[in-house]
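S.K.: Just a sequence and a predicted model for now, questions to come.
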Amino acid sequence: SQQGEEDPQALSIQEGENATMNCSYKTSINNLQWYRQNSGRGLVHLILIRSNEREKHSGRLRVTLDTSKKSSSLLITASRAADTASYFCATDGYSSASKIIFGSGTRLSIRP
Amino acid sequence: GAGVSQSPSNKVTEKGKDVELRCDPISGHTALYWYRQSLGQGLEFLIYFQGNSAPDKSGLPSDRFSAERTGGSVSTLTIQRTQQEDSAVYLCASSFDSRRSYEQYFGPGTRLTVT
């Protein structure tokens, strides 16, 4: 299975601190994406990193990708209460016809 | 433009009844996915459609589950003879072209409760 697995499963930090979540996957990929989910409903796309990229930034988000270790990390800097959510990584397979598979997610809680 | 919409938003049904869940993807998106999410869990892939290609049904948990996509647009997920373990949030997502791994746009989901 190409499914990604996030760790930790749950993370609680103080507002203003940085939050780091990790994702590991099993097969070669074209791209890896990170999504956020609030309140158990629809997911919102955060960032996409391609297999030939090693790092990508978007606002307070920093994503790294290490294809040799089949892992990625999502760093949220200067966390805010509104960052409280579940975060999922999603991977596709190397084949152009591969579907996108999501990991089990990290539940992030920001304490005020 | 409008995002992905799903209906109904909530559905309560009795065990053994059939249910139909609807997804309206973003216009022009050729890829459409169905996922299932149990409380506090990750997304379980069910099925995906890409253009006119045969759908990838590899995630459907049993033959009670089926889905169709008419005219390359609206999709319906049907669960026959519902069981209590089918209770979950069913999420639909569409993207411009899954072959290039464009980002997915999710609908708000349908919360299904089987009593």
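M.R.: Everything's here; your move. Numbering: from 1, shown residues only, chains lettered A, B, ... in the order given.
S.K.: Which SSE is immediately downstream of the least confident helix or strand in chain B by mean pLDDT?
M.R.: Here the helix or strand of chain B ranked lowest by mean pLDDT, DSSP states H and E is strand B:44-50, holding a mean of 91. Of the helices and strands lying after strand B:44-50 in sequence (DSSP states H and E), the nearest is strand B:65-69.
S.K.: Same question for that next one: list its buried residues.
M.R.: Of all the residues in strand B:65-69, those buried under the rule 16 or more other Cβ atoms under 10 Å in any protein chain shown are B:F65, B:A67, B:R69. To be clear about C-beta, it is placed using only N, CA and C from the backbone, and glycine gets the same treatment.
S.K.: wait, isn't the second one in contact with B:V74?
M.R.: No. Counting by Cβ atoms under 8 Å, B:V74 is not a contact partner of B:A67; they are 11.1 Å apart.
S.K.: mind checking the end-to-end distance for stretch A:100-108?
M.R.: One end of stretch A:100-108 to the other measures 23 Å (Cα to Cα, to the nearest Å).
S.K.: What of stretch B:86-106?
M.R.: Across stretch B:86-106, the terminal residues are separated by 20 Å (Cα to Cα).
S.K.: Equivalent analysis for stretch B:73-91, please.
M.R.: The first residue of stretch B:73-91 is 16 Å away from its last residue (Cα to Cα).
S.K.: Let me know the pLDDT of residue 30.
M.R.: The chain I'm using is chain A. Note on A:N30: pLDDT of 84.
S.K.: that's the wrong chain, I meant chain B
M.R.: Model confidence at B:T30, given as pLDDT, is 88.
S.K.: what's the nearest residue to it once chain neighbours are set aside in contact with, if anything?
M.R.: In space, and not counting its chain neighbours, B:T30 is closest to B:G51: 4.6 Å by Cβ to Cβ, 6 or more residues apart in numbering or on different chains. Listed by Cβ atoms under 8 Å, 6 or more residues apart in numbering or on different chains, the contact set of B:G51 reads B:T30, B:A31, B:G72.
S.K.: roughly how far apart are B:G51 and chain A?
M.R.: Between B:G51 and chain A the computed distance is 11 Å (Cβ to the nearest Cβ, to the nearest Å).
S.K.: and the gap between that residue and B:Y90?
M.R.: Distance of B:G51 to B:Y90, given as Cβ to Cβ, to the nearest Å: 22 Å.
S.K.: coming back round to it: relative to A:E5, which of the contacts of B:G51 is nearest.
M.R.: Comparing these against A:E5 with Cβ to Cβ places B:A31 closest, at 23.9 Å.
S.K.: Just give me the neighbour total for the closest one.
M.R.: Neighbourhood size, B:A31 [other Cβ atoms under 10 Å in any protein chain shown]: 23.
S.K.: If the most centrally placed residue in chain B is in a bridge, with which residues?
M.R.: Residue closest to the average C-alpha location in chain B (Cα atoms, centre = their mean): B:W34, at 3.1 Å. Beta bridges link B:W34 to B:I47, B:C92 when assigned by DSSP bridges.
S.K.: wait, what's in contact with A:N31?
M.R.: Shown in contact with A:N31 (Cβ under 8 Å, 6+ apart): A:L48, A:I49, A:R50, A:S51, A:T91, A:D92, B:S101.
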